[in-house]
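[1] Sequence and predicted structure are below.
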Amino acid sequence: MSQSRQEPTIIRRILITIALWYIGFFLVLPLMIVFASALHQGVGVYLSSLHDPMTLAAIRLTLLTAVVAVPLNLFFGIAASWAIVKFDFRGKNLLLTLIDLPLSVSPVISGLIYVLLFGAHGAWGPWLKAHGIQIIFTPAAIILTTLFVTFPLVARELIPMMKTLGNDEEEAAITLGAGGFKTFWYVTLPNIKWGLLYGVLLCNARAMGEFGAVSVVSGHIRGLTNTLPLHIEILYNEYQFTAAFAAASLLVFLALVTLVAKSLIELKFKAEQMPLLKGK
Amino acid sequence: MFLLKQRSSLPGFHLALGYTVFYLSLIVLIPLSTLFIKSSSLDWKTFIDIVSAPRTLAAIRLSFSTAFVAASVNVFFGFMIAWVLARYRFPGKKIIDALIDFPFALPTAVAGIALTALYSPHGWVGRYLYSWGIESAYSPLGITLALIFIGLPFVVRTIEPVIQELDPELEEAAASLGAGRWQTFGRVLFPVLLPPLLTGFNLAFARGIAEYGSIIFIAGNMPGKTEIAPLLIITKLEQFDYTGATAIAVVMLTISFILLAITNFLQWWASKRIGIN
């Protein structure tokens, strides 16, 4: 870097120090206190508090939610990015804005709209009740709100990535006689796999960690409609701090795995795309 | 709405777009529209009464003021962090860079209890703050601290790529024309960085007024004092006051959409300024 783009050494050192202190104070301390509080009474208590049947039930529901929500939004993400990137049509910008909409909606409002739709006094509530169907305060409502809050996460990763890759390779495959599905499977998918994986990881992290939206529709029935984040809230409010932080440590672990995977995927993608992009 | 005209030799357009619009309607548009249908059944006076009630106004004011302060703090320090990450080399930089996204990846409830444990009267940080008479938990300050945690990645991740892509010639030209480093920064770089700074502020602010999970543990949730707007919506719902919940939700959602429109405008402005897309 040339001299004209550098600050004096002393300024650089001061800026780096302030940045590190800020990150240490606001990001590292909260990370550390979760593990410190979880292990506060020793590893034995930590493990036994995770073995609680209600905690296990919450983990199971959290996994179920992610197992349903992530593939559905993955499939949508692929369809949406294919339509948006590979073709030109009017209303594309509107469609992009609408896809991102759930990110601008407060989690509480995301839950509220499902209560207004399916709740006892909601738009479809009386009809559902007459047919003996209950959605609010069941796992179904938790999965629906999770679908809403994680809706754009895969599509948002895929669209910019597919844009930079362009259509040339797919067009070549089609010209050479490959079918649409074959082209997608053998040409597009290998190119976008890292972006896809990152989108899935983000979607999964959010699906397992969503709190506000799920809290509105869950009803907090222990063992039935409590996801792991909701269970943490209950434990915390009952002053079972060690158990609350033990459960929280699982989600911190998930977050850290997501971050590490993100960094690895970025390196991998850069390494693979360098020759491709340079050739253009 | 969509003019179905494809300019591409690739297959699957109707299927992909059809499914996209179908799934979008099912999961997002229909549920979201119920909020507006429900609110249209409110008459104007009821709506105004709910929204202008002292408790509602206090909650909205609290959400706005804490989100504003937190976003401002983050713009200042986030800019500094983005600059340091984009320009300098130091040991552990890769880890620090990855860590910036931690608040994105961390479930808000976990953030909430962790921050409360830190800032409560007996917490690692709280015990010092309280001994100096600073109430860092169960107060507007506690809410602001939680929003600083939540908002940081929005600011850093908006500014960092712009700093990385700054044309070196800009600064070199300024320097060769005799500008000092500070002058170059103020007159040449800052105008280019202003749109992304405002975008980052806007994103962090929007997230702040919508935030729930990380705040409710540290807020104390006293009506009129430390009750944020999203919590008031939940309180009304729990009392089966659907009308009240809907009215406040419509106000908050409208503000969110305005902020989204401002963000889109800022990005358009930034791309025009830098001259790249």
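    Noted; the coordinates are in hand.
[2] what's residue 107 in contact with, if anything?
    Using chain A here. A:Val149, A:Glu210, A:Phe211, A:Gly212, A:Ala213, B:Thr108, B:Ala210, B:Glu211, B:Tyr212, B:Gly213, B:Pro230 (C-beta atoms under 8 Å, 6 or more residues apart in numbering or on different chains). Using the backbone N, CA and C atoms, a C-beta is placed for each residue, glycine as well.
[3] other chain: chain B
    Each residue near B:Pro107 by C-beta under 8 Å, 6+ apart is listed here: A:Ala205, A:Met208, A:Gly209, A:Glu210, A:Phe211, A:Pro229, A:Leu251, A:Ala255, B:Gly213.
[4] Excluding sequence neighbours, find me the nearest residue to the third one.
    If the residues on either side of it in the chain are set aside, A:Gly209 comes closest to B:Pro107, at 2.9 Å by C-beta to C-beta, 6 or more residues apart in numbering or on different chains.
[5] residues in contact with the closest residue to B:Phe77 other than its chain neighbours?
    Counting by C-beta to C-beta, 6+ apart, the nearest residue to B:Phe77 once its immediate chain neighbours are dropped is A:Tyr22, at 4.9 Å. With contact taken as C-beta under 8 Å, 6+ apart, A:Tyr22 is in contact with B:Phe77, B:Met80, B:Ile81.
[6] How about the secondary structure of the second one?
    Of the three states, B:Met80 takes helix according to DSSP: H, G, I helix; E, B strand; the rest coil.
[7] shouldn't it be in contact with A:Ala19?
    Yes: the criterion here is C-beta atoms under 8 Å, and B:Met80 meets it with A:Ala19 at 5.6 Å.
[8] how many neighbours does residue 173 have?
    Since you didn't name a chain, this refers to chain A. A count of nearby residues for A:Ala173, using other C-beta atoms under 10 Å in any protein chain shown, gives 19.
[9] sorry, should have said chain B
    14.
[10] any low-confidence regions in the chain?
    Since you didn't name a chain, this refers to chain A. Within chain A, the stretches falling below the threshold (pLDDT under 70) are A:1-4, A:273-280.
[11] Chain B is the one I meant
    Under the criterion of pLDDT under 70, the regions of chain B flagged as low confidence span B:1-7, B:274-277.
[12] rerun that using 90 as the cut-off
    Low-confidence segments of chain B, defined by pLDDT under 90, are located at B:1-12, B:36, B:38-43, B:165-192, B:220-222, B:224, B:238, B:240, B:263-277.
[13] And the helix or strand that contains A:Met208, what does it pack against?
    Using DSSP states H and E, the secondary-structure element containing A:Met208 is helix A:189-209. If you count contacts as 3 or more C-beta pairs under 8 Å, 6 or more residues apart in numbering or on different chains; DSSP states H and E, helix A:189-209 packs onto helix A:53-86, helix A:153-165, helix A:241-278, helix B:108-119.
[14] re earlier: B:Met80 and A:Ala19: which is more packed in?
    For B:Met80 versus A:Ala19, the count of surrounding residues by other C-beta under 10 Å is larger for A:Ala19: 22 against 18.
[15] Which element, helix or strand, includes the more buried one?
    Under DSSP H and E, the secondary-structure element containing A:Ala19 is helix A:9-23.
[16] in that helix, what counts as buried?
    By neighbour count, and taking 16 or more other C-beta atoms under 10 Å in any protein chain shown as the criterion, the buried residues in helix A:9-23 are A:Arg12, A:Leu15, A:Ile16, A:Ala19, A:Leu20, A:Tyr22, A:Ile23.
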